[in-house]
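# 3D model of this:
(2 chains)
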Protein chains: 2
Amino acid sequence: MNPIQLFDAESSTFTYILCGPDSREAVIIDPVDHNLERDLAHIRRLGLTLAYVLETHAHADHVTSAGKLRELTGAKACVPSGCGIPPAEVQLNDGDVIRFGAGETISVLHTPGHTAGSMSYVWRGNVFTGDTLLIDGCGRTDFQSGSADALYDSVTNKLFALPEDTRMWPGHDYKGQSVSTIGWEKRHNARLANRSRDEFAQLMAALNLPRPKLIDVAVPANRNLGLSHGA
Amino acid sequence: MNPIQLFDAESSTFTYILCGPDSREAVIIDPVDHNLERDLAHIRRLGLTLAYVLETHAHADHVTSAGKLRELTGAKACVPSGCGIPPAEVQLNDGDVIRFGAGETISVLHTPGHTAGSMSYVWRGNVFTGDTLLIDGCGRTDFQSGSADALYDSVTNKLFALPEDTRMWPGHDYKGQSVSTIGWEKRHNARLANRSRDEFAQLMAALNLPRPKLIDVAVPANRNLGLSHGA
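Numbers count the residues shown, from 1 in each chain, chains lettered A, B, ... in the order given. Reported below is the predicted structural model:
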């Protein structure tokens, strides 16, 4: 059972729609503000009702449409408890289970490192890793209480402990890739496969990435589910 | 069960990878030449073996990688019998069934109109419509023995006769849309819903579209599975 994977070319962000075979009730992960109409059109065309909007973390590179989707569909917003997003109805912790549709379950894995609160979500042999683990890479660890040490633990102890054939769906991709597996990443990921904790920390410390252009707008907006202050 | 949908931003073409839950044997539909490495990487990362490469028609806007994929993976090429692609092992006719994996079946529907030979493929509640039916639109009918009359029949008599919740995956999209359903297209498709045969023929005759830039290169190449003459 694969999700429906939608791409935002502007921020290279993936949004996912999850729906089981026996119900029209669906969940959306990491929707982007300027794709609101596109995402609503997919929900309408597929005849779905939206139960939950999930965020993997408080994004620094784009603004979520979670607040607007919630208003327009009645879906509930589910966010990592450690991400500082108070307006969301559901504050998720490690080990929580989200239930929707006819017996569908999403298991919540706390995978800090890109941000302190980042979560990954496991559904039907798929894992949605947000910016923790990317295909052949990983998220940066130099802002929002990020930590190379924490990311190393999250990936090697939690994500790489999933079954090897688990399909891994990232929060972004910048090279035209769409999906991988835990087994492939464990053996081949350019940053994390066969690398010690110290080697990984040195590599991340040397990246010297520019500050995300949108961070000062996006993070405060995402902490309010993408709604402007007071909206 | 959804396919894995891959997008080519250059030609706005969708490529699909189909794989059932009980086998690693997969099928790819409409792969694009310059994405050969990307597509092979997906097959490797997912641990798949490729049984068949399917073409929906002889494309005029991009060149297939079917011939190269066949050489590199041992997959067999399956093409519509009416598209003039002699090097393919399997020449498909309406009503044929392609079998792969552990009991997976793809039903072949002859849906002429965009080209005389165009086929659609039905798998597990999904239909891959090539350029016959697009989301909220349809393929042009003014070259390669295209026919508005034939396309009208293909869509209204064959595709719209599928169950309404059949997920419809097009060969192209130019507006950021990814998937629809037969029920939605039957009720809302801008060109084909609630329109008579004559109204549709008049609309298609008035489009006055420019000639595809690549047609003189792409069609001969695609009739040789994307391999240059004699390769």
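# would you mind listing what in chain A touches chain B?
Counting by CB under 8 Å from any CB of the partner chain, chain A comes close to chain B at A:1-7, A:9, A:21, A:35, A:38, A:41-42, A:44-47, A:135, A:165, A:167, A:176-181, A:183-184. Where C-beta positions appear, they are placed from N, C-alpha and C, glycine not excepted.
# from these, which land in helices?
Residues of the residues of chain A next to chain B located in helices (DSSP state H): A:38, A:41-42, A:44-45, A:183-184.
# let me have these in CSV, extended by neighbour count and pLDDT.
Converted to CSV, these look like this (neighbours: other CB atoms under 10 Å in any protein chain shown; pLDDT from 0 to 100):
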residue, neighbour count, pLDDT
A:Arg38, 19, 97
A:Ala41, 19, 98
A:His42, 23, 98
A:Arg44, 13, 97
A:Arg45, 21, 97
A:Gly183, 18, 98
A:Trp184, 20, 98
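# now the two most distant members of the residues you listed.
Using CB to CB, those span at most 36.8 Å, a distance reached by A:Arg44 and A:Gly183.
# for the most centrally placed residue in chain A, which non-adjacent residue is spatially closest?
Taking CA atoms, centre = their mean, the centroid of chain A lies closest to A:Gly130, which sits 2.8 Å from it. Among residues not flanking A:Gly130 along the chain, A:Thr56 sits closest, at 2.8 Å (CB to CB, 6 or more residues apart in numbering or on different chains).
# tell me what the helix or strand containing A:Asp149 is packed against?
Taking DSSP states H and E as the definition, A:Asp149 sits inside helix A:148-153. If you count contacts as 3 or more CB pairs under 8 Å, 6 or more residues apart in numbering or on different chains; DSSP states H and E, helix A:148-153 packs onto helix A:197-205.
# which elements pack onto the helix it packs on?
Using 3+ CB pairs under 8 Å, 6+ apart, helix A:197-205 is in contact with helix A:148-153.
# in the helix it packs on, what counts as buried?
For helix A:148-153, the neighbour count (16 or more other CB atoms under 10 Å in any protein chain shown) marks A:148, A:150-152 as buried.
# what comes into contact with it?
A:111-114, A:116, A:132, A:138-139, A:141, A:192, A:197, A:200-201, A:204-205 (CB atoms under 8 Å, 6 or more residues apart in numbering or on different chains).
# check stretch A:72-85 too.
A:28, A:36, A:40, A:43, A:49-58, A:66-67, A:69-70, A:87-93, A:98, A:110, A:112, A:115-119, A:222-225.
# do stretch A:200-209 as well
Contacts of stretch A:200-209 (CB under 8 Å, 6+ apart): A:140-142, A:148-149, A:151-152, A:191-192, A:195.
# ok, the residues you listed vs B:Gly103, which is closest?
Out of those, the member with the shortest distance to B:Gly103 (by CB to CB) is A:Leu192, at 36.7 Å.
# the closest one: neighbouring residues, count only.
Neighbours of A:Leu192 under the rule other CB atoms under 10 Å in any protein chain shown: 22.
# residue contacts, it?
A:Leu192 touches A:133, A:138, A:152, A:155-156, A:185, A:200, counting by CB under 8 Å, 6+ apart.
# most surrounded residue in the residues you listed?
The residue in the contacts of A:Leu192 with the most neighbours, by other CB under 10 Å, is A:Leu133 (30 neighbours).
# surely that one and A:Val155 touch.
Yes. Counting by CB atoms under 8 Å, A:Leu133 does reach A:Val155; the two are 5.4 Å apart.
# find residues that contact each of these two.
Common neighbours of A:Leu133 and A:Val155 (CB under 8 Å, 6+ apart) are A:111, A:192.
# would you map the helices across chain A?
Under the criterion DSSP H, helices of chain A are mapped to A:36-45, A:66-73, A:148-153, A:182-188, A:197-205, A:215-222.
# can you lay out these as a markdown table showing distance to B:Gly171?
Below are these laid out as a markdown table (distance: least, CB to CB, whole Å):
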| stretch | distance to B:Gly171 |
| --- | --- |
| helix A:36-45 | 17 |
| helix A:66-73 | 29 |
| helix A:148-153 | 40 |
| helix A:182-188 | 28 |
| helix A:197-205 | 41 |
| helix A:215-222 | 35 |
